[in-house]
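Enquirer: how does the following fold in three dimensions:
(one chain, ligands or ions: 1)
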Amino acid sequence: MTAIGVAGLRKSHQGFEAVKGISFEVAEGEIFALLGRNGAGKTTAIEVLAGFQRADGGTVRVLGLDPYTDRAAVRRRIGIMLQEAGFFPDLTVAQTIDTWRDFTDAPRPRDEAIGLAGLEGRAGTKVRQLSGGEKRRLDLALALLGRPDVLFLDEPTTGMDPEARRSTWAVIRDLAGQGTTILLTTHYLEEAQRLASTMAIMDEGTLVTSGGMAETLAAQSGRVAFRLPAQVSPADLPLPVTMEGGQAVCRAEDPDLAAQTLLTWAAERGLRLAGLEVRTATLEDLFLDLPRSAR
Ligand SMILES: Nc1ncnc2c1ncn2[C@@H]1O[C@H](COP(=O)(O)OP(=O)(O)OP(=O)(O)O)[C@@H](O)[C@H]1O
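Expert: Got it, this is the predicted structure:
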């Protein structure tokens, strides 16, 4: 079933069209990554989806409801983690969660929320004493309090150390495994690639690409990189390469086959392809290969 449906969404801020007619769908229990450089329109789209702003055009449905006109009903079933959290700095983590529990229907127990967000041992710490990454975790705890069916996570792991990031990924995956639909934005493309099964890339208010993560990446070229042996020029090689940061880079649909061709060619000449790296396409390759205006 479709949990989030966006068709032709348009939204302007004081005459500036931040979202220019985007369409996508997110199925129930799916993790969807909405990507794009700064200012692409991702947060604006989330604000409309969460019912904070009214769409100027197009239709938006969350759990079959209009998030603006059916705000109260939608709010009860969604969790939101925006980029800027408005905490009271003098409250402790426990007091902050308790305050939010008072406004939440059937909230999770405080300790469960603390455990899910990885804030054990910080319950008595004042918000002002938390690190940036810990504040993000508190934000996550609050977004999860109402056991939401749909979670909007705007850059959820910004400021987290690698261990905290990985534990947050595990929480996100568990929630999706239990049927929660998750729409996330992130500038960490590895994070999007590891978590999301579908994605869309926005640029200047429009969608430049969207689809299944695995299918989209499979359609992208992989790469073989190595240091060019002395006295060899790129034109001597059996496959076309570009020189990037002192490395010869060959893009190929089948990078294993390209590596074999290059290694055989080198072996026949008694040459070594030092620092050889072979890899299938990553989301970062896809992102960086988009035309500059569409990145
Ligand atoms: N309240 C506002 N008033 C005026 N312009 C705004 C407002 N909010 C956003 N914008 C503009 O709309 C555009 C899209 O902003 P938005 O925050 O949606 O982008 P984003 O993709 O989330 O960016 P980032 O990755 O930096 O968070 C930007 O050019 C921004 O300056």
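
Enquirer: and the pLDDT at the closest residue to residue 276 other than its chain neighbours?
Expert: Excluding its sequence neighbours, the residue lying closest to residue 276 (C-beta to C-beta, 6 or more residues apart in numbering) is residue 226, at 4.4 Å. C-beta coordinates here come from the backbone N, C-alpha and C atoms, glycine included. pLDDT, residue 226: 97.

Enquirer: burial of residue 226, as a residue count?
Expert: Residues lying near residue 226 (other C-beta atoms under 10 Å) number 22.

Enquirer: how about it, what does it touch?
Expert: For residue 226, the contacting residues are 247-248, 262, 273-277, by C-beta atoms under 8 Å, 6 or more residues apart in numbering.

Enquirer: state the pLDDT value of the residue nearest to residue 287 when sequence neighbours are not counted.
Expert: What sits nearest to residue 287 in space, not counting adjacent residues and going by C-beta to C-beta, 6+ apart, is residue 189, at 5.8 Å. Listed pLDDT for residue 189 reads 93.

Enquirer: from the ligand, how far out is residue 189?
Expert: 13 Å (C-beta to the nearest ligand atom, to the nearest Å).

Enquirer: next, give phi and psi for that residue.
Expert: In terms of degrees, to the nearest 10, the main-chain angles of residue 189 are phi -70, psi -30.

Enquirer: what residues are up against it?
Expert: 35, 282-284, 287.

Enquirer: tell me the one of those residues nearest the ligand?
Expert: Nearest to the ligand among those is residue 35, at 8.9 Å by C-beta to the nearest ligand atom.

Enquirer: I figured that closest one was touching residue 203, is that so?
Expert: No. In this structure, residue 35 is not within contact of residue 203 by C-beta atoms under 8 Å, at 9.6 Å.

Enquirer: sorry, back to before: now, the contacts of residue 189 that are in helices?
Expert: If you go by DSSP state H, the contacts of residue 189 have 283-284, 287 in helices.

Enquirer: most surrounded residue in those residues?
Expert: In terms of neighbours by other C-beta under 10 Å, the ones in helices among the contacts of residue 189 top out with residue 283 at 23 neighbours.

Enquirer: residues contacting that one?
Expert: By C-beta under 8 Å, 6+ apart, the contact set of residue 283 is 35, 189-190, 192-193, 199, 213, 217.

Enquirer: at 7 Å what do you get?
Expert: 189, 192-193, 217 (C-beta atoms under 7 Å, 6 or more residues apart in numbering).

Enquirer: okay, those residues in a markdown table with secondary structure next?
Expert: Converted to a markdown table, these look like this (DSSP: H, G, I helix; E, B strand; the rest coil):
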| residue | secondary structure |
| --- | --- |
| 189 | helix |
| 192 | helix |
| 193 | helix |
| 217 | helix |
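
Enquirer: buried among those residues? Need that as a selection in ChimeraX.
Expert: With 16 or more other C-beta atoms under 10 Å as the criterion, this ChimeraX line picks the buried residues out of the contacts of residue 283:
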select :189,192,193,217
